[in-house]
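Q: Okay, sequence plus prediction incoming.
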Amino acid sequence: MPCNPKEFSFWIAANLSLDDNQRMELLKINEVTGRLRHELKIIEECCVLTCKNCSNVIARREDIFSMSLQDPQGTYVNPNGYVHEAITVYKAKGLHLSGRPSTEQSWFPGYAWTIMECSQCHSHMGWRFTAVEKNLKPIRFWALCRAAIQNRISAPTDADA
């Protein structure tokens with residue numbers, strides 16, 4: 001993490017789970033203190049990740065974790081050359097698995113992946129990864145496509161997310 005406040009504010013903007021419009025609005029703030037205050041407000045208020053298409057609650061902010069050495073958001077390329085930005089979470093809900101688990105071309109060695117769709121609108125949401133080798137932790141996790149999710153302020157009905 002950068003020590004310089006200006007660099008730190010840009011690092012936060014790059015690593016928050018935001019859609020492109022939210023990120024652009026944040027980066028338009030020219031004053032460092034104002035940008036950091038706005039980022040803190042986003043962090044405090046946005047408690048859930050939802051499907052961008054239908055607002056189905058998928059995960060809670062506190063379930064985000066890092067499977068890489070850098071941060072919870074990673075960029076991955078599939079065998080067809082398609083680039084996916086994904087955020088890893090310990091728990092997710094409101095998803096439907098599509099197909100069988102596969103270890104072929106897995107982004108995470110020792111884990112099998114299964115495609116996930118939103119259970120309400122059937123949009124592609126990402127992948128569930130399940131450990132196939134002993135002693136791997138976590139045993140399972142979810143990689144959510146950044147383009148498929150959005151941050152939302154938690155509503156009372158989201159308490160069990």
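A: Perfect, thanks for sending it. If you're wondering where the values come from, they're calculated on a predicted model, not measured in any experiment.
Q: Mind jotting down where the helices sit in the chain?
A: 5-15, 20-27, 32-45 (DSSP state H).
Q: which helices and strands does the longest one pack with?
A: Under the contact criterion of 3 or more C-beta pairs under 8 Å, 6 or more residues apart in numbering; DSSP states H and E, the helices and strands touching helix 32-45 comprise helix 5-15, helix 20-27. All C-beta atoms are positioned from the backbone trio N, CA, C, and that covers glycine.
Q: Let me know the angle separating that helix from helix 20-27.
A: Interaxial angle of helix 32-45 relative to helix 20-27 (axes from the mean of the first three to the mean of the last three C-alpha atoms, to 10 degrees): 140 degrees.
Q: what's the distance between the lowest-mean-pLDDT helix or strand in the chain and the middle of its chain?
A: Every helix and strand of the chain was ranked by mean pLDDT, DSSP states H and E. The lowest is strand 73-77, at a mean of 77. Relative to its chain's centre, strand 73-77 lies at 10 Å (C-alpha atoms, centre = their mean, to the nearest Å).
Q: Buried residues of it, list them for me.
A: Neighbour counts over strand 73-77 (16 or more other C-beta atoms under 10 Å) mark 73-74 as buried.
Q: try stretch 28-45
A: 29, 35-36, 38-39, 42.
Q: Return the most buried member of the helices and strands packed on helix 32-45.
A: Most buried of the helices and strands packed on helix 32-45 by mean neighbour count (mean count of other C-beta atoms under 10 Å) is helix 5-15; its value is a mean of 16.
Q: That helix - contacts with which helices or strands?
A: Secondary-structure packing of helix 5-15 (3+ C-beta pairs under 8 Å, 6+ apart): helix 20-27, helix 32-45.
Q: Excluding chain neighbours, what is closest to residue 107?
A: Leaving out its chain neighbours, the residue that sits closest to residue 107 by C-beta to C-beta, 6 or more residues apart in numbering is residue 76, at 4.6 Å.
Q: re earlier: what would the buried residues of stretch 28-45 look like in CSV with distance to residue 50 and pLDDT?
A: Converted to CSV, these look like this (distance: C-beta to C-beta, whole Å; pLDDT from 0 to 100):
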residue, distance to residue 50, pLDDT
29, 24, 94
35, 24, 94
36, 25, 94
38, 21, 91
39, 20, 89
42, 15, 82
